[in-house]
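Student: Whatever this is, show me its structure:
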Amino acid sequence: MKNKILSRKRIVVGIISILGILLLLIFYANKKENTINNKEQILQIEPKLSLEGLCSGEENCVAFCLNNRNRCEQYCKDREDKLCKIIFSENNKRSLLGEVNRDCEGTKIKFDYSPVNLNKTLVMLPRGLMVGGHVTPVNHHYFQNFDNKEYNIEVYSPGKGYITTIGHMPDAEEGKDYHITIEFSCTISSYYIYVSNLPEKIKKYAPPLHDYASVRIPVEAGELIGYYKNNLDFNLIDKEITLIGFVIPEHYELEDYKIHIVPNTYEYFNEPVKSQLIAKSVRSAEPISGKIDYDIDGKLIGNWFLEGTHEYSENKIEKYWEGHLTFAYDYVDPKRIVISIAGYNGEDSKQFGIKGNLPDPKNVDVNNGLIRYELVDYRYIAPDGKYWDSKSLVKNLRSESNEIVQGVVLVQMIENRKIKFEVFPKKMVSQVSGFTENAKIYER
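Tutor: Prediction:
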């Protein structure tokens, strides 16, 4: 009897133990589920922080704003944004103001390697092109081969340095069209746009589709960094140089590298690369690398901004370039005067030559009163008399207008840094007597 009682007690104890274990398992399972649910709720409540259209993630955005302080300041101005507060906190402020050594090395440098495979590249376009939405002169070169069919033209780092940023261009395919910045010294850097098929060494640090990443990837002089198919943008920046042809440099702060574009790209390359690059240029007139800064204080020549926008990338209008207007010279034939007009005739933007190529805007000031320009199209002529196809390597090109008037521009300098402007599409000068209520005011 005693043994039976002990046996029953053991059974009861065993059942109680099993029940206890089951209860513990249920308790921890519920706790884990609650933890997961809480995490999911936190993720739902606190999505990944971002500066819309600029960067995403705290670490990336802090690094992005280190290289693009003015763009971030403009975005964060008057915003109650958590990420903005983090970026401009006291802990990050010294870095943003450039008070922290970023481990850069040296200043001046010259390169022994081309940025691209020149044997596969047909032409190198100079800076200063005005086309479409590029109302002001373009600040970079183009390496091009529009006969090429594959992404197989090598892109190189011309010198030893560090890749500091990688951005994936909007609307680009996976693995194609990256924006890459390389820092060669404390003052000299370059950027490339439309680099594709990145080597694995670089690709593993590339951002997600259409995003941005701040990195520090060492590269050697002449090292492969990717490929291009038809077109590659390239430029050099030297922070020890400030271009003198921008009357108010502060208006370019949102793209603050623009005023530090090197005046002569070729002078930063040693022979024989220097001569090899010049040999690919379609511009024969000095400066062969082109020009982007044409402002002369008190004269009509140069860049103008719609009144109330002031700055190059001011976002008071949907497309910032719609507030731009430029009187300058052609990027291939600097004898040709060009008027580059945003929002021409309800379109995006358009560029024209001037009938008779006069008066020269560098000579127009407040004393000239009302100026009438007749707008004409123009093309490029090769030395053999044939029209340039805009993709072949041809030297000593000149421009020729067809003299068929496309419209009329009225412009008057009303102050040294202010003009009144109106365009009359599809009109002859005899049909335009003066300004109407549609005239606009532009400022430096």
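Student: CA atoms for contacts and neighbours, from now on please.
Tutor: OK.
Student: So which bits of stretch 238-250 are buried?
Tutor: Of the residues in stretch 238-250, those with enough neighbours to count as buried (16 or more other Cα atoms under 10 Å) are D238, K239, T242, L243, G245, F246, V247, P249.
Student: ok, so of those residues, who is nearest S56?
Tutor: Closest approach between these and S56, by Cα to Cα: K239, at 27.5 Å.
Student: residues contacting the residue lying closest to the closest one once chain neighbours are set aside?
Tutor: Nearest residue to K239 in three dimensions, chain neighbours excluded: T187, at 5.0 Å (Cα to Cα, 6 or more residues apart in numbering). Remark: with contacts taken as Cα atoms under 8 Å, 6 or more residues apart in numbering, T187 is in contact with G106, T107, K108, I237, D238, K239, E240.
Student: before we move on, back to that, among the buried residues of stretch 238-250, which one sits closest to T436?
Tutor: Out of the buried residues of stretch 238-250, the one with the shortest distance to T436 is V247. That distance is 28.8 Å, counting by Cα to Cα.
Student: give me the element that closest one is part of.
Tutor: V247 is part of no helix or strand when elements are defined by DSSP states H and E.
Student: Surely it touches R444?
Tutor: Yes. Using Cα atoms under 8 Å, V247 is in contact with R444, at 7.1 Å.
Student: residue boundaries of the helices in the stretch 251-400 of the chain?
Tutor: Counting by DSSP state H, counting those that start in this stretch, the stretch 251-400 of the chain has these helices, from start to end: 273-279.
Student: pLDDT below threshold where in the stretch 301-444 of the chain?
Tutor: The stretch 301-444 of the chain contains residues with pLDDT under 70 at 310-321.
Student: Please read the previous query as pertaining to the stretch 1-150 of the chain.
Tutor: Residues of the stretch 1-150 of the chain that meet the cut-off, pLDDT under 70, sit at 1-48, 63, 66-71, 90-103.
Student: how does it look with 80?
Tutor: With pLDDT under 80 as the threshold, the stretch 1-150 of the chain has low-confidence stretches at 1-48, 53-74, 78, 88-106.
Student: residue boundaries of the strands in it?
Tutor: For the stretch 1-150 of the chain, the strands defined by DSSP state E, counting those that start in this stretch occupy 50-51, 55-56, 123-125, 141-144.
Student: Can you list the strands that the second one pairs with?
Tutor: For strand 55-56, the pairing partners within the sheet under DSSP bridges are strand 50-51 (antiparallel).
Student: now the end-to-end length of stretch 194-204.
Tutor: Looking at stretch 194-204, the gap from its leading to its trailing residue is 18 Å under the measure Cα to Cα, to the nearest Å.
Student: on that earlier part again, so for the residue nearest to K239, what's the pLDDT?
Tutor: Reported pLDDT at T187 in the predicted model: 95.
Student: And it, how far from S89?
Tutor: Using Cα to Cα, which is the criterion applied here, T187 is 26 Å from S89.
Student: circling back to that earlier point, for the buried residues of stretch 238-250, which one is nearest K418?
Tutor: K418 lies nearest to V247 out of these, by Cα to Cα, at 12.2 Å.
Student: For the closest one, list the residues it contacts.
Tutor: D295, I296, D297, R444.
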